[in-house]
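> Quick check, what structure comes out for this input:
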Amino acid sequence: MLRVEVVAVGTKPPHWVAEGIEQYVSRMRRECHFDIREIKTSDRNKKLTVSAHQEAEANSILDALQPSARVIALDSRGRSWSTEQLAAKIEDWSQITSHLQFIIGGPDGLADRILKRADDTWSLSALTFPHFLVRVLLSEQIYRALMVNAHHPYHK
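Coordinates of the predicted model:
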């Protein structure tokens, strides 16, 4: 079974975010095992540069990445995909590996070395979203793509 893991920098989300994600997780149980691994945000009370915060978080992100996984970084500099393109990518990736890891950065985004480590870089939108909302959007889009691949009419 396909394993989809979101590696997200940040603390536990508000209740409404967890509920939203759970709605999609429960709907895709037949298609994949979906999980979120939280990475602690760099201490913003420390007067560090943006890149120093990114680098601190990058160390923890790299520790969470699995060598056999396909790694997809979410970043505004990435490519924008339609739902059908994401579905096709998931179909292709699942022929190579059974483990996908999507990375959501912290308040300052992802360090360049994380973007270089990623197999793909995806931009959800040119808009800026709160990181917790990205978790819900990502969950929904993965569910929608899986439904496209299963020829379910949900995605219309």
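> And the residue nearest the centre of the chain?
Nearest to the mean C-alpha position of the chain, by Cα atoms, centre = their mean, lies residue 102 at 3.1 Å.
> Check for me that it belongs to a strand.
Yes: checked against DSSP: H, G, I helix; E, B strand; the rest coil, residue 102 lies within a strand.
> how near is the residue lying farthest from the centre of the chain to residue 56?
Here the chain reaches farthest from its C-alpha mean at residue 47, the gap being 27.9 Å by Cα atoms, centre = their mean. Distance of residue 47 to residue 56, computed by Cβ to Cβ, to the nearest Å: 13 Å. Every residue, glycine included, has its C-beta placed from N, CA and C.
> Identify each buried residue in the longest helix along the chain, please.
Secondary structure of the chain per DSSP state H: the longest helix is helix 131-149. Taking 16 or more other Cβ atoms under 10 Å as the basis for neighbour counts, the residues of helix 131-149 that come out buried are 131-132, 134-136, 138-139, 141-149.
> picking up where we left off before, ok so the residue farthest from the centre of the chain is a helix residue?
No: the assignment for residue 47 (three-state DSSP) gives coil, which keeps it out of a helix.
> What does it show for phi and psi?
Per-residue torsions, residue 47: phi -80, psi 80 (degrees, to the nearest 10).
> now for the longest helix of the chain, which elements pack on it?
Contacting helix 131-149 under the criterion 3 or more Cβ pairs under 8 Å, 6 or more residues apart in numbering; DSSP states H and E are the following elements: strand 2-9, helix 15-27, strand 32-39, helix 83-96, strand 99-104.
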